[in-house]
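Q: coordinates only, sequence not included:
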């Protein structure tokens with residue numbers, strides 16, 4: 001017999017959360033497509049309270065794709081629901097358990113075997129955060145159990161380059177039952193309004209020559225594929241990656257970061273880069289320029305990583321320089337600017353990174369997202385955002401003065 005003491009939440013639910021809960025509770029399954037920063041995790045707590053009220057013997061499995069998200073769910077559940085360590089089990093990132101507890105938070109890699117094992121032994125409510133990550137042949141093992149309730153959470157559940165959400169995720173967690181994007185959340189005042197600055201970074205002469213060579217090779221390959229009535233080839237993917245690598249390593253990206261960031265001195269923000277070595281270089285440059293800065297990436301020891309994130313959350317430091325480790329789910333409401341020093345041309349990554357700085361916070365009236373780009377293809381990607389955003393965003397274009 002598990003402890004059935006009542007749970008309470010400190011905050012009141014938002015309108016969209018109540019609407020979504022009424023739809024989800026009809027069958028106790030489904031996926032929510034909700035803007036990063038709009039309150040997906042809090043919705044999960046509402047769903048957990050609903051299940052606990054109606055099925056008091058049910059336990060909970062929360063699957064997350066990364067260790068940082070495991071840490072965040074652990075802290076949030078203790079703060080919001082008032083659970084104690086005796087009621088929470090963790091697996092992944094150095095944690096493990098033999099016997100389940102009331103709430104079991106598991107990193108996806110470990111959950112592939114552990115979650116089905118637990119669900120075979122009792123009643124569980126399965127919550128999959130960033131559920132688009134579960135869409136693969138390997139990760140389908142996660143769904144080999146029989147949960148009594150399911151919930152998928154993601155800002156972008158549908159994948160851009162395959163049908164794996166409809167093939168692997170939706171049949172198990174349920175269809176998308178509620179959608180709530182950034183523009184709706186901004187209009188409702190749920191997330192902070194934000195300005196956009198897109199800054200073109202010039203290439204060096206050698207970089208420009210290399211990009212031109214790749215552009216010619218890409219054009220030839222695309223022409224050949226058209227004759228074969230194909231769109232993609234291994235060679236085309238390789239050429240695109242090679243061109244992207246030249247762009248991401250562009251010599252003037254880091255000096256441009258140092259120039260752009262001056263406007264934010266005294267504010268808290270995040271700098272994203274695709275490569276750890278460059279992130280370390282940016283952090284070193286910031287420290288030398290007198291900024292209070294730290295790095296956060298996968299090569300740091302878990303204790304150091306958690307320590308740096310805690311310093312940022314407490315306001316001891318102003319800038320966190322990171323790679324993909326903070327792309328998904330980490331809640332840093334006080335951050336008011338993001339500089340995307342390099343990125344991939346994927347809608348999902350951009351939405352996730354913007355989401356790191358648009359969460360509402362006391363005293364934060366507006367956020368700013370700065371994106372550095374070098375290639376025409378990167379500009380095309382950013383211009384699509386202009387068309388969709390319309391009057392909701394103040395979008396300005398600049399050119400770096402490095403040449």
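A: It's in. These numbers were taken from a predicted model, which means no experiment stands behind them.
Q: in the stretch 301-403 of the chain, which spans are helices?
A: For the stretch 301-403 of the chain, the helices defined by DSSP state H, counting those that start in this stretch occupy 302-313, 347-355, 376-389.
Q: Quick check: residue 128 touching residue 134?
A: Yes: under the criterion of C-beta atoms under 8 Å, residue 128 makes contact with residue 134 at 5.5 Å. Bear in mind the C-beta positions are built from the backbone N, C-alpha and C, glycine included.
Q: Find the residues that touch each one of these two.
A: 63, 142, 152, 169, 173 (C-beta atoms under 8 Å, 6 or more residues apart in numbering).
Q: Those in helices, which ones?
A: Those of these mapping onto helices are residue 173, per DSSP state H.
Q: by contact count, what packs against whichever helix in the chain runs longest?
A: Selection of the longest helix in the chain by residue count, based on DSSP H, yields helix 205-227. On a contact count with 3 or more C-beta pairs under 8 Å, 6 or more residues apart in numbering; DSSP states H and E, helix 205-227 meets helix 234-248.
Q: Next, the buried residues of the helix it packs on.
A: For helix 234-248, a neighbour-count test (16 or more other C-beta atoms under 10 Å) marks 236, 239-240, 243-244, 246-248 as buried.
Q: Low-confidence regions, this structure specifically.
A: Counting by pLDDT under 70, the chain contains low-confidence ranges at 1-5, 158-162, 324-333, 344-349, 351-353, 355-364, 387-392, 402-403.
Q: circling back to that earlier point, so which of the buried residues of helix 234-248 would you say is closest to residue 99?
A: residue 248 (45.6 Å; C-beta to C-beta).
Q: my read: the closest one touches residue 340, true?
A: No: Residue 248 lies out of contact with residue 340 (C-beta under 8 Å); the separation is 11.1 Å.
Q: Please find the angle between the direction vectors of the longest helix of the chain and helix 376-389.
A: Using axes from the mean of the first three to the mean of the last three C-alpha atoms, to 10 degrees, one finds that helix 205-227 and helix 376-389 are set 70 degrees apart in direction.
Q: Can you name the residues in contact with helix 205-227?
A: The contact list for helix 205-227 (C-beta under 8 Å, 6+ apart) reads 203, 231-233, 235-236, 239-240, 242-243, 246-247, 250-251, 374-375.
Q: and residue 11, what does it touch?
A: Residue 11 makes contact with 42, 80, according to C-beta under 8 Å, 6+ apart.
Q: any idea how far residue 17 is from it?
A: 10 Å (C-beta to C-beta, to the nearest Å).
Q: Which neighbours do these two have in common?
A: residue 42.
Q: what's the distance between the longest helix of the chain and the middle of its chain?
A: Relative to the centre of its chain, helix 205-227 is centred 32 Å away, using C-alpha atoms, centre = their mean, to the nearest Å.
Q: can you check stretch 177-194 too?
A: 16 Å.
Q: ditto for stretch 64-78
A: Mean-position distance between stretch 64-78 and its chain equals 13 Å (C-alpha atoms, centre = their mean).
Q: Residue 179 - how many residues pack around it?
A: 14 (other C-beta atoms under 10 Å).
Q: Checking it next. Helix, strand or coil?
A: When classified by DSSP: H, G, I helix; E, B strand; the rest coil, residue 179 comes out as strand.
Q: ok, it - contacts?
A: Residue 179 touches 32-34, counting by C-beta under 8 Å, 6+ apart.
Q: ranking those by neighbours, who comes first?
A: The most neighbours of any of these, using other C-beta under 10 Å, belong to residue 32, which has 27 neighbours.
Q: Would you check that that one makes contact with residue 175?
A: No: counting by C-beta under 8 Å, residue 32 stays clear of residue 175, with 10.8 Å between them.
Q: want to try a markdown table for the buried residues of helix 234-248, with distance to residue 395 as columns?
A: Converted to a markdown table, those look like this (distance: C-beta to C-beta, whole Å):
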| residue | distance to residue 395 |
| --- | --- |
| 236 | 31 |
| 239 | 30 |
| 240 | 26 |
| 243 | 25 |
| 244 | 23 |
| 246 | 26 |
| 247 | 21 |
| 248 | 22 |
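Q: Starting from residue 319, give me the distance back to residue 287.
A: 10 Å.
Q: again with residue 232
A: Taking C-beta to C-beta as the measure, residue 232 falls 38 Å from residue 319.
Q: So the two - more neighbours on which side?
A: Of the pair residue 232 and residue 319, residue 319 is the one with more neighbours under other C-beta under 10 Å, namely 25 against 12.
Q: Contact partners for the more buried one?
A: By C-beta under 8 Å, 6+ apart, the neighbours of residue 319 are 261, 268-271, 286, 291-294.
Q: So which of those residues are in strands?
A: The strands, defined by DSSP state E, take in 269-271, 293-294 from the contacts of residue 319.
Q: are any of these buried, and which?
A: 269-271, 293-294.
Q: of those, closest to residue 163?
A: Each of those was scored against residue 163 by C-beta to C-beta, and residue 270 proved nearest at 32.4 Å.
Q: Touching, that closest one and residue 317? I think so.
A: No: counting by C-beta under 8 Å, residue 270 does not reach residue 317; the two are 11.2 Å apart.
Q: Tell me the helices and strands packed up against the helix or strand encompassing residue 74.
A: Per DSSP states H and E: residue 74 is located in helix 67-81. When contacts are defined as 3+ C-beta pairs under 8 Å, 6+ apart, helix 67-81 sits against helix 40-54, strand 59-64, strand 88-91, strand 103-107, helix 302-313.
Q: between that helix and strand 59-64, how big is the angle?
A: 140 degrees.
Q: can you list contacts of helix 67-81?
A: Contacts for helix 67-81 (C-beta under 8 Å, 6+ apart): 7-11, 41-42, 45, 48, 62, 64, 83-85, 88, 90, 92-93, 95, 103, 105-107, 129-130, 302, 305-306, 309, 325-326, 328-331.
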